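Colleague: I would like the atomic coordinates for the input below:
(chains A, B, C and D)
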2 protein chains.
Amino acid sequence: MRILLIEDDESLADGIATALRHEAYAVDRAGTGREGIALAQAAQPDLVILDLGLPDLDGIDVLKSLRQKGIHCTVMILTARDALRAKIQGLDAGADDYLTKPFAVDELLARLRALERRSGVSRSPDILIGDVVINTASHEVLLNGEAVKLSRREFSLLRALAERPGHILSREQLEDKLYSWGEEVASNTVDVHIHNLRKKIYPEFIQTIRGVGYKLGPGR
Amino acid sequence: MRILLIEDDESLADGIATALRHEAYAVDRAGTGREGIALAQAAQPDLVILDLGLPDLDGIDVLKSLRQKGIHCTVMILTARDALRAKIQGLDAGADDYLTKPFAVDELLARLRALERRSGVSRSPDILIGDVVINTASHEVLLNGEAVKLSRREFSLLRALAERPGHILSREQLEDKLYSWGEEVASNTVDVHIHNLRKKIYPEFIQTIRGVGYKLGPGR
DNA sequence: GGGGCAAATTAAGGCAAACTTAAGAGTCCG
DNA sequence: CGGACTCTTAAGTTTGCCTTAATTTGCCCC
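Modeller: Reported below is the predicted structural model:
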C-alpha cells in the first residue's frame, strides 16, 4: 500500500509520514501542489492525502487535476476546522474523505483503514486465504487460529499479495508497494522476505511463478 | 466478465456503462424490468446491477423473478438513499450487495471488484477453448478442471495461440511473441515447446498446418 | 515407390532464476 | 548505553527451464 502525502507544513508532514511508515505503508511526500501532481503520476499511489492549504495551488484544483489526469485512487483531504465550503467542494471534486485540522494521528489511521476497506483495496478487515487470516487493522496474522509474528516488511509484502489472491505480482511491483521513492533496494530483498514469510507460515502458501513473480493461494 | 445493467435513468446508465466498459467489462443494458429479465436469460451475465426504481416492475420482483428462473449470478442493487426497507428486502431476496444513490462511480467499481473477488469470477477474461481454461492473470491452465502445470514459455505460447483461436500463427510470429528484441533463437525451440504443450494437454489440441504454422482448434 | 523436406521426438548441457544462509548495519526500546 | 530485533546485502547453492542438435517420423511431389 503506497501513499502520497501532499502537505507543506514540514513538521506535520514528518509526523504523519513517520506514523504511516510505522504502519507499514510506503510513503511519498510532496510539499507543493505541482510536486504532488507530478509524484502522483510517477509513483502511482494507492491513496493520496491532500492538504488544501498549499502554497502554490488551490487544493481543490490539485484534486481536479489528478482526476483529469486519470488518477482515480482514493483521496483524503486535510483542511482547517470549519472550512466547510472547502469540504463540500472537495467531496464534489471526487475526494473520498476529509479530516479537519488539528487531528490526532490515530484518527487519521483509523480513517485510512476505513477507506482501505471501503475502496476494496482490502475489503473485509480480515482477509481470509486458506487457513490464514490477515487483519489489516491490527497487523495480526493467524494461521489456523495461531498468531504468527511478522515484521513490518513481511506484513506489507503479505498484504500486497493478499489484496488480490491468485494474481501474480512481479518483484518490481512488490518493491513498488513496499518502498517509497529514494529508498529503492538493489538486491534480492523481496526474495529474502518471501523466504522468511514461507518459514513463518508454510512454504506452499506463497507460490513462485518462475520468471514472472509470486502469488498467493491455491490460485482461485 | 459480463454485466447486465438494469436502470431506467438513461443518463445515469450511460455514465455507469461507460465507466464499466472503461474497466474492460462487457456491459448489456436494459431500461425496464421485463427487458432486464429477458436479457438476463439471453445474455447470461456474471453480474446484474439492478435499480429498484423501475417504471414497469418493482425491483424486488425483478430480482425474485430472476432467481426463480434459475439465474443465480451475483446481483448488486441500486436504491435511493434511506430506502432502508428496500435494502433489507433486497438482501432477503438474494441480492449480494447494495449501493445507495447518489454514489461515486469509483465506489461502484470498488464494490464490483470486491464482489468479483468474493464470487471467484475473474475479470481478466478466462479464455475458454474446448475443455481448456486459460487464466492470464494467474497463469493457470485447467484441462477439464484439472490444473496443468506449464512453464513460462509454454504458457506464453499457449496464450499467443489462444488469443485468436482458429487463426494460424507461423513459427516466426510465435517467436516474436515469446522473445524480446535481441534475444532471437536459432533453432526449433518453438517446435519443442509445442511438443511439450501437446504432451501436457493433448496432441490434437494444437494443430499443425504444414508449411505455414500452428493453430488452436476446438480439436475434438 | 522414392527422394526430399517439414515436423516430431528425444536427451543432455548450460544457464539463469530462485532459494538459502549468514553477517553487518541500522533502529528501536528500555 | 546496551541488547534485541529487523532489514539489506551478498555469496553460495540448488533447481528447473530452455535451447540445442541429432534422430526419427510423416507428408508431398516427382
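Colleague: just the buried positions in the longest strand seen in chain A, please.
Modeller: Looking across chain A with DSSP state E, the single longest strand is strand A:74-80. By 16 or more other C-beta atoms under 10 Å in any protein chain shown, the buried positions in strand A:74-80 come out as A:74, A:75, A:76, A:77, A:78, A:79. C-beta here means a position set from N, CA and C on the backbone, and glycine is covered the same way.
Colleague: quick one: low-confidence ranges for chain A?
Modeller: A:70, A:81-94, A:117-126, A:218-220 (pLDDT under 70).
Colleague: how about the strands in it?
Modeller: So, for chain A - with DSSP E - the strands run A:2-6, A:26-30, A:47-51, A:74-80, A:97-101, A:126-129, A:132-135, A:140-143, A:146-148, A:206-209, A:213-216.
Colleague: nearest to DNA strand D, out of these?
Modeller: strand A:206-209 (8.9 Å; C-beta to the nearest atom of the strand).
Colleague: what pairs with that closest one, parallel or antiparallel?
Modeller: strand A:213-216 (antiparallel) (DSSP bridges).
Colleague: from the buried residues of strand A:74-80, which two are the most distant?
Modeller: A:74 and A:79 (16.5 Å; C-beta to C-beta).
Colleague: can you put the strands of chain A in TSV and add distance to residue A:170?
Modeller: TSV is the format used below for the strands of chain A (distance: least, C-beta to C-beta, whole Å):
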stretch	distance to residue A:170
strand A:2-6	15
strand A:26-30	16
strand A:47-51	21
strand A:74-80	23
strand A:97-101	31
strand A:126-129	20
strand A:132-135	21
strand A:140-143	23
strand A:146-148	25
strand A:206-209	9
strand A:213-216	4
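Colleague: in chain A, which residue sits nearest DNA strand D?
Modeller: Closest point on chain A to DNA strand D, by C-beta to the nearest atom of the strand, is residue A:151, at 2.8 Å.
Colleague: what does chain A have sitting close to DNA strand C?
Modeller: Residues of chain A lying near DNA strand C by C-beta under 7 Å from any atom of the strand: A:171, A:188, A:191-192, A:194-195, A:198, A:203, A:208-213.
Colleague: separate out the buried members of these.
Modeller: Counted by 16+ other C-beta under 10 Å, the residues of chain A next to DNA strand C give A:194, A:209, A:213 as buried.
Colleague: all helices of chain A, in order?
Modeller: A:10-22, A:33-43, A:59-68, A:84-92, A:105-118, A:152-162, A:171-178, A:189-200 (DSSP state H).
Colleague: re earlier: which secondary structure elements does the longest strand of chain A sit against?
Modeller: On a contact count with 3 or more C-beta pairs under 8 Å, 6 or more residues apart in numbering or on different chains; DSSP states H and E, strand A:74-80 meets strand A:47-51, helix A:59-68, helix A:84-92, strand A:97-101, helix A:105-118.
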